[in-house]
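Trainee: return a 3D structure for these sequence lines:
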Amino acid sequence: MVRAADAGDGAGQHPTQAMLDVFTMQQEIGRLDGLTVALVGDLTAYGQGGFKLLQAYFIQLGAKPVMEDSVAPDSKDMSPLLRKIRDSGADVIVIHTVAQPMALIVKQARSSGIDLPIVTSSSLVEPHIIKLYEPKELANVCAETPSVPEARVTPEMKAWADAYKTKFGVEPDGLALGQYDGMMMALSLIAGGADTPEKLMAGFHNTTYKGIAMTYKSNGKGDMAHDAEIVCWNGTSPIPSVAIHYAGQELVLK
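Mentor: Take a look at the predicted model:
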């Protein structure tokens, strides 16, 4: 049985997100040691940065890449790539690309009869990407994401997600909730006397803030969000459920 994974964000390497994709694979499959991997990236800086990180992670953890390939971000026909993946005999497909090729690979794999468990990154959790699929195409698909407000896993998140959907007519995603939490933290600091850019910056570095998605606290290096969730779809709804929650307490100043 073949499984697929996707990772990354932005133009850099983003080691935390690549690491979370490894965690997602382990959650879905149950092991990494001895797995054979078909690794797919794209030709952007984002795709290549995460591609190299994942190569190193898999070797370190005992998973063996047996096929490595990259696609152009504007590729439309994924059938040659899917044939290579079939022929590789890989246990796992890892897709580290921007949203467009990732969405097409998953969509075309399903339409060609490749009914495989798939693991993706937060790109798949975004509402405009989810709309590309019928719910049944997402059966046994998992992803990592900073939060999943559309799943309404806490009363606070449910209230916020319901209000968001009423206001904008669409389900929210983790990016929208992260932006909301960040803005509300800034407003609370301003209300507390942070009336200059310097005071506001100091407040971000020194204040613990309980948002709707998570509790935010600087680690002194500009990182404030230390939680992540692995979500999965059951094939009957476009809204995933939370499979496991990770709280990176080792990254938070105490």
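
Trainee: burial count for Met184?
Mentor: Counted with other Cβ atoms under 10 Å, residues neighbouring Met184 total 13. (Glycine included, C-beta is placed from N, CA and C.)

Trainee: which residue, neighbours along the chain excluded, lies closest to it?
Mentor: Sequence neighbours aside, Gly211 is the residue nearest to Met184 in space, at 6.7 Å (criterion: Cβ to Cβ, 6 or more residues apart in numbering).

Trainee: can you tell me the closest non-neighbouring residue to Ala161?
Mentor: Per Cβ to Cβ, 6+ apart, closest to Ala161 is Pro149, 4.4 Å.

Trainee: an error on my part: the question was meant for Ser75.
Mentor: Per Cβ to Cβ, 6+ apart, closest to Ser75 is Pro101, 5.5 Å.

Trainee: how close does the one you found sit to Leu39?
Mentor: Taken as Cβ to Cβ, to the nearest Å, the spacing of Pro101 relative to Leu39 amounts to 14 Å.

Trainee: re earlier: and the host helix or strand of the residue nearest to Ser75, average pLDDT?
Mentor: Here Pro101 sits within helix 99-111, counting by DSSP states H and E. On average, the pLDDT along helix 99-111 is 89.

Trainee: do the same with stretch 238-254
Mentor: 68.

Trainee: repeat that for stretch 152-162.
Mentor: Rounded mean pLDDT across stretch 152-162 is 95.

Trainee: now it: buried residues?
Mentor: Neighbour-count burial for stretch 152-162 flags Arg152, Val153, Met157, Trp160, Ala161 (criterion: 16 or more other Cβ atoms under 10 Å).
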